[in-house]
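>>> Here's a sequence, model it:
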Amino acid sequence: MLQNGLEYLNSRLMFGMMPGLTTTRKLCEVLGNPQKKFKTIHVVGTNGKGSTSYYLSGILQAHGLKTGLYTSPHLVSMRERIRVNDLPIDDESLDRLIMQVKAAAEEAQVEPTFFEVLTIVAFLYYAEQQIDVAVLEAGMGGRLDSTAVADGELIVLTSIGLEHTEVLGSTESEILKEKMGVAGSAQSILSNGCRKTFVVGGLNDALIAEAKVFASSHGCSCVVPKIRNDIELPNLGQHYIENASLSLKAAELFLQSSHDHSTADAVANKGIVYNDTLALKMLATRSWAGRMQKLMDRNGVTQFILDGAHNSHAVRRLVEALDKYYPNQKFHCVFGALRDKDVGEMLKLMAPHVSHWHITRTPYPRFRELEDLQSELEKLGLNVASAGEFSREYLDEVKACVMDGSPVLITGSLYMIGATVQALKDDFDGLAFFRGMEPSTNEHR
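Below you'll find the predicted structure:
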């Protein structure tokens, strides 16, 4: 039976997430090691990887570098995950390269995971596109994440929190080492003769001290940039300022190191020097979709605020942003979440900022049922203003309930933000990137 690329990719979901580099390395070897044909910057961390990667790729692109961006999960389409100069991979290339990986897997007699296939597709596409540099967001961890085979000399660490503890370790200290392990072993770093650099942010003092010890013991340097106060971003929230600060320093170090290396270096040959004014100008227009994103109508009035906060850590950041940008204001909130999330804590944190709760769910099977959400709200003494299956019509009904013209807040799950983007993409210029994309499988691995 003939199989197209997305069918093969979706067949990989059954293998789940299997940390390790053996399969990825075997496939890269069969395919001619495409990851060696461009420079790489790794972005690792618990939260903030996506926005940091997005800001960093934009800064490098603004400097004239042909820049690849690899992120996960997607909101609407698989094509979002693999971009060159902000253009998503086209459907034909995605299908063709997935099938190329399938053929390589059969030759190598391995069964790659969903994420491994997409990672290698990204490598192949970036090599074909002859990019200068790829910004790669790690999927999980770092040391055993399939993106690690690209072996970049610059690693950005955004934050550390307790996640995937069954794989990454039960303490923040253990997780820190797993994520910084994307640099490789001390022995491999020394044998390659290159001095890698970590750009570190979002950590407490104790973890920063540990990060410096780890870097030093691996023959790497460690830079901890100051959070800048001259950054303007479309995304609301101090955490995005922190992530953009990391991106600015990473871009500066990357361009500086390119010039410090051999004149045969393709990036150095372009004669590019870091320009902070240029970088700041670019950031002022760069909105990371679905994360504290304001959707404004043609009159510049904010109609919706989208935020993919899906755990307590992210909700705390959401609340901080609401405190700063919308003090003493309460919102109509469209809320939905997955069954495995600590919804009670999320709702409790958000309650002071919500006047009306509108609970919903998408068809995605892991979504929490409306009755469960209502029960969680009632435990906290909070009332449900409305409940319904997610749709454009439901959003319109909620919007019609708002009497004072304030924006509707939509949060609780990236899956729901993806559904929102799909529903609203033709109505708001802030979602223009997603137009013309067909929704891909709603499985965020």
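>>> okay, CA-based contacts and neighbour counts for the rest of this
Fine.
>>> In contact with Met416, which residues are there?
Gly308, Gly336, Ala337, Arg361, Thr362 (CA atoms under 8 Å, 6 or more residues apart in numbering).
>>> could you give me the average pLDDT of the helix or strand where it lies?
In the assignment (DSSP states H and E), Met416 maps to helix 414-424. Across helix 414-424, the average pLDDT comes to 95.
>>> repeat for stretch 33-42
Rounded mean pLDDT across stretch 33-42 is 96.
>>> Pull out the CA atoms of that stretch and give them to me as CSV.
Extracted as CSV, the C-alpha positions of stretch 33-42 are listed here (Å, rounded to 0.1, in the frame of the first residue of the first chain):
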residue,chain,number,x,y,z
ASN,A,33,25.1,14.0,7.6
PRO,A,34,23.1,17.0,6.4
GLN,A,35,23.4,18.6,9.9
LYS,A,36,27.0,19.3,9.2
LYS,A,37,26.3,21.6,6.2
PHE,A,38,25.3,24.6,8.3
LYS,A,39,26.0,26.2,11.6
THR,A,40,23.8,25.5,14.6
ILE,A,41,22.6,27.3,17.7
HIS,A,42,20.8,25.1,20.3
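>>> Which stretches in the stretch 151-300 of the chain count as helices?
Ranges of helices within the stretch 151-300 of the chain are 165-168, 172-180, 186-192, 205-217, 238-260, 266-269, 276-283, based on DSSP state H, counting those that start in this stretch.
>>> Verify the stated contact: Gly20 with Thr147.
No. Using CA atoms under 8 Å, Gly20 is not in contact with Thr147, being 10.3 Å away.
>>> And the two? Which one has more around it.
Shown here are Gly20 and Thr147; by other CA atoms under 10 Å, Thr147 has more neighbours (29 against 15).
>>> and the closest residue to the more buried one other than its chain neighbours, what does it touch?
Spatial nearest neighbour of Thr147, chain neighbours left out: Ala138 (6.0 Å); criterion: CA to CA, 6 or more residues apart in numbering. Ala138 is in contact with His42, Val43, Val44, Lys49, Thr71, Asp145, Ser146, Thr147, Ala148, counting by CA under 8 Å, 6+ apart.
>>> Count the neighbours of the fifth one for me.
For Thr71, the number of neighbouring residues by other CA under 10 Å comes to 21.
>>> Please tell me how far it sits from Ala387.
33 Å (CA to CA, to the nearest Å).
>>> that older thread, using CSV, lay out the helices of the stretch 151-300 of the chain together with mean pLDDT.
Shown next, in CSV, are the helices of the stretch 151-300 of the chain (pLDDT from 0 to 100):
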stretch, mean pLDDT
helix 165-168, 55
helix 172-180, 82
helix 186-192, 55
helix 205-217, 91
helix 238-260, 91
helix 266-269, 61
helix 276-283, 98
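>>> where in the stretch 1-150 of the chain is pLDDT low?
1-3, 14-19 (pLDDT under 70).
>>> again, 50 this time
1-2 (pLDDT under 50).
>>> which stretches of it form strands?
Listed in chain order, the strands of the stretch 1-150 of the chain (DSSP state E, counting those that start in this stretch) span 39-44, 67-70, 82-84, 87-88, 133-137.
>>> which one of those strands lies closest to Asp205?
Minimum separation from Asp205 across the strands of the stretch 1-150 of the chain (CA to CA) falls at strand 39-44, 18.5 Å.
>>> Residues contacting that closest one, please?
For strand 39-44, using CA under 8 Å, 6+ apart, the contacting residues are 49, 52-53, 132-138, 141-142, 147-148, 150-158, 179-180, 182.
>>> Got a PyMOL select line for the buried ones in the residues you listed?
Command for PyMOL that selects the buried part of the contacts of strand 39-44, burial taken from 16 or more other CA atoms under 10 Å:
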select buried, resi 49+52+53+132+133+134+135+136+137+138+141+142+147+148+150+151+152+153+154+155+156+157+158+179+180+182
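>>> Tell me the helix or strand right after the strand ranked longest in the chain.
Counting by DSSP state E, the longest strand found in the chain is strand 354-361. Toward the C-terminus, strand 354-361 is succeeded by helix 370-379 as the next helix or strand (DSSP H and E).
>>> Residues contacting that next one, please?
Residues contacting helix 370-379 (CA under 8 Å, 6+ apart): Gly336, Val343, Gly344, Leu347, Ile359, Thr360, Arg361, Asn383, Val384, Ala387, Gly388.
>>> If we use 7 Å, what do you get?
Gly344, Ile359, Thr360, Arg361, Asn383, Val384, Ala387 (CA atoms under 7 Å, 6 or more residues apart in numbering).
>>> in a strand, that's where the last one is, yeah?
Yes. Inclusion of Ala387 in a strand is indicated when DSSP: H, G, I helix; E, B strand; the rest coil is applied.
>>> count of neighbours near the nearest residue in space to Trp288 that is not next to it in sequence?
Counting by CA to CA, 6+ apart, the nearest residue to Trp288 once its immediate chain neighbours are dropped is Ser51, at 5.9 Å. By other CA under 10 Å, the residues close to Ser51 number 24.
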